[in-house]
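Chemist: A predicted structure for the sequence below; I have some questions about it.
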Amino acid sequence: MAFFGLFSKEKKESLDKGLEKTKHTFLSKIARTIVGKSKVDDEVLDNLEEVLITSDVGVDTTLKIIERIEARVSKDKVLGSNELNTILKEEITALLEENNADYTGNFEVEKHDGMPHVIMVVGVNGVGKTTTIGKLAHQFKSAGKKVVLGAADTFRAAAVDQLIIWADRVGVPIVQQGMGADPASVAFDTLQSAKAQGADVVIIDTAGRLHNKVNLMNELTKIKRVMEKVIPDAPHEILLVLDGSTGQNAFEQAKQFSLATDINALAITKLDGTAKGGVVIGISDQMKIPVKYIGVGEGIGDLQLFNKHEFVDSLFS
């Protein structure tokens, strides 16, 4: 079973509440596209296309969805406008299924030949990276895992301080050398410490600077190379944290970071404070990288394992 367990009633309620702004705006816009219409026609589809784009679903993903609905209209000849929500929900769900074929939604954390599972977290400043690490550590610890944090974002004193606060709050050890230390050295020490303690999971914070791609790539490559000296194949997971409230800017950041390093998981935060939750659909579709976690509130338990079906159900409920 996944360490988050089954999708509980409590988590469903938290998701519904977290997506409230997006849902209200999204469904209101859709409702306006079918006012006075008895069937889905070209005008309705044009209006729906605008709704999806202005809901931060993204142009390419929007066009895919519209094409699918057009195909259904052509096949079924007449589709009632009252069916539009159901059709749209089905097509979005199908699209997410197809584009994340390898994604099972099941994230048991296993050791690697007795070595800890290593997660390197990347993302620009301000996206909620440190908070995500703290909440993730809480979820792992709640599942009975031994967690060690590494404060390798050494370019901001606040980043180290914030991670220390989270480590104390969650009750997990942290390895840090303070501001200005070599990030790779911190990562090396963290993995050495985690091995010595018999840890299950290591979470490494990295600098939140989106400077030019070459420097970013060199820095992350150096950290990875040093970690591999301690634990072969580390990091096992490179998690990019994105701020959902920035809409299409989050998608652009995802593209830039994917060019700089081998991202294999995404976390999208701050969905509770925005009407731009549609960006999750576009990023899931376009990046072909699983959205693994979503942040739907400020509480320590409000980082959820992303479930495509529950997300779409909540959006249209």
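Modeler: Yep, it's here. Numbering: from 1, shown residues only.

Chemist: Tell me the gap between stretch 169-184 and the middle of its chain.
Modeler: 23 Å (C-alpha atoms, centre = their mean, to the nearest Å).

Chemist: Other residues contacting that stretch?
Modeler: 134, 137-138, 141, 147-157, 160, 163-164, 167, 185-186, 189-190, 193, 197, 206-207, 219, 222-223, 225-226, 300 (C-beta atoms under 8 Å, 6 or more residues apart in numbering). Just so you know, the C-beta spots here come from the backbone N, C-alpha and C atoms, and that holds for glycine as well.

Chemist: Kindly export it (C-alpha atoms) in CSV.
Modeler: The C-alpha trace of stretch 169-184 is given here as CSV (Å, rounded to 0.1, in the frame of the first residue of the first chain):
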residue,chain,number,x,y,z
ARG,A,169,8.7,20.5,13.9
VAL,A,170,8.6,17.1,12.3
GLY,A,171,11.2,15.6,14.6
VAL,A,172,13.7,14.4,12.1
PRO,A,173,17.5,14.9,12.0
ILE,A,174,19.0,17.5,9.6
VAL,A,175,22.5,17.9,8.2
GLN,A,176,23.6,21.5,7.6
GLN,A,177,26.8,23.5,7.3
GLY,A,178,25.2,27.0,7.2
MET,A,179,25.0,29.6,4.5
GLY,A,180,27.9,29.7,2.0
ALA,A,181,28.9,26.1,2.4
ASP,A,182,29.5,23.9,-0.7
PRO,A,183,26.1,22.3,-1.6
ALA,A,184,27.8,19.1,-2.8
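
Chemist: Buried residues in it, which are they?
Modeler: For stretch 169-184, burial by neighbour count (16 or more other C-beta atoms under 10 Å) applies to V170, V172, I174, V175, Q176, Q177, A181, P183, A184.

Chemist: Let's see which of the residues you listed end up in helices.
Modeler: V170, P183, A184 (DSSP state H).

Chemist: quick one: secondary structure of G277?
Modeler: coil (DSSP: H, G, I helix; E, B strand; the rest coil).

Chemist: what's the spacing between the nearest residue to it once chain neighbours are set aside and D16?
Modeler: Using C-beta to C-beta, 6 or more residues apart in numbering and skipping residues adjacent in sequence, the residue nearest G277 is T22, 3.2 Å away. According to C-beta to C-beta, to the nearest Å, T22 stands 11 Å off from D16.

Chemist: Ok, K146 next?
Modeler: For K146, the distance to D16 - C-beta to C-beta - is 33 Å.

Chemist: and what of V124?
Modeler: 29 Å.

Chemist: T22 against T274, yeah?
Modeler: Yes: with contact defined as C-beta atoms under 8 Å, T22 counts as touching T274 (6.8 Å).

Chemist: which of the two has more neighbours?
Modeler: T22 (23 against 20; other C-beta atoms under 10 Å).

Chemist: And the strands in the stretch 201-317 of the chain?
Modeler: Using DSSP state E, counting those that start in this stretch, the strands assigned to the stretch 201-317 of the chain run over residues 201-205, 237-243, 265-269, 291-295, 303-305.

Chemist: ok, how many other residues are close to N307?
Modeler: 18.

Chemist: got the phi/psi numbers for it?
Modeler: Main-chain torsions, N307, degrees, to the nearest 10: phi -120, psi 110.

Chemist: still on that earlier bit, buried only: go through the contacts of stretch 169-184 for me.
Modeler: Judged by 16+ other C-beta under 10 Å, buried ones among the contacts of stretch 169-184: 134, 137-138, 141, 147-155, 160, 163, 167, 186, 189-190, 193, 206-207, 219, 223, 226, 300.

Chemist: Looking at these, which are in helices?
Modeler: 134, 137-138, 141, 160, 163, 167, 186, 189-190, 193, 219, 223, 226.

Chemist: So which residue is dead centre in the chain?
Modeler: Centroid-nearest residue in the chain, with C-alpha atoms, centre = their mean: A267, separated by 2.0 Å.

Chemist: got the contact list for it?
Modeler: A267 neighbours (C-beta under 8 Å, 6+ apart): T132, L239, L240, V241, L242, V291, K292, Y293, I294, G295, L303.

Chemist: In TSV, list the ones in helices among the buried residues of stretch 169-184 along with distance to R68.
Modeler: Listed next are those as TSV, based on distance: C-beta to C-beta, whole Å:
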residue	distance to R68
V170	43
P183	45
A184	46
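
Chemist: Check the gap between N125 and I69 for me.
Modeler: On the measure of C-beta to C-beta, N125 and I69 end up 39 Å apart.

Chemist: quick one on the thing from earlier: with pLDDT and distance to I263 added, can I get the buried residues of stretch 169-184 in a markdown table?
Modeler: Shown next, in a markdown table, are the buried residues of stretch 169-184 (pLDDT from 0 to 100; distance: C-beta to C-beta, whole Å):
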| residue | pLDDT | distance to I263 |
| --- | --- | --- |
| V170 | 97 | 25 |
| V172 | 98 | 24 |
| I174 | 98 | 24 |
| V175 | 98 | 24 |
| Q176 | 96 | 25 |
| Q177 | 95 | 26 |
| A181 | 93 | 25 |
| P183 | 94 | 18 |
| A184 | 95 | 19 |
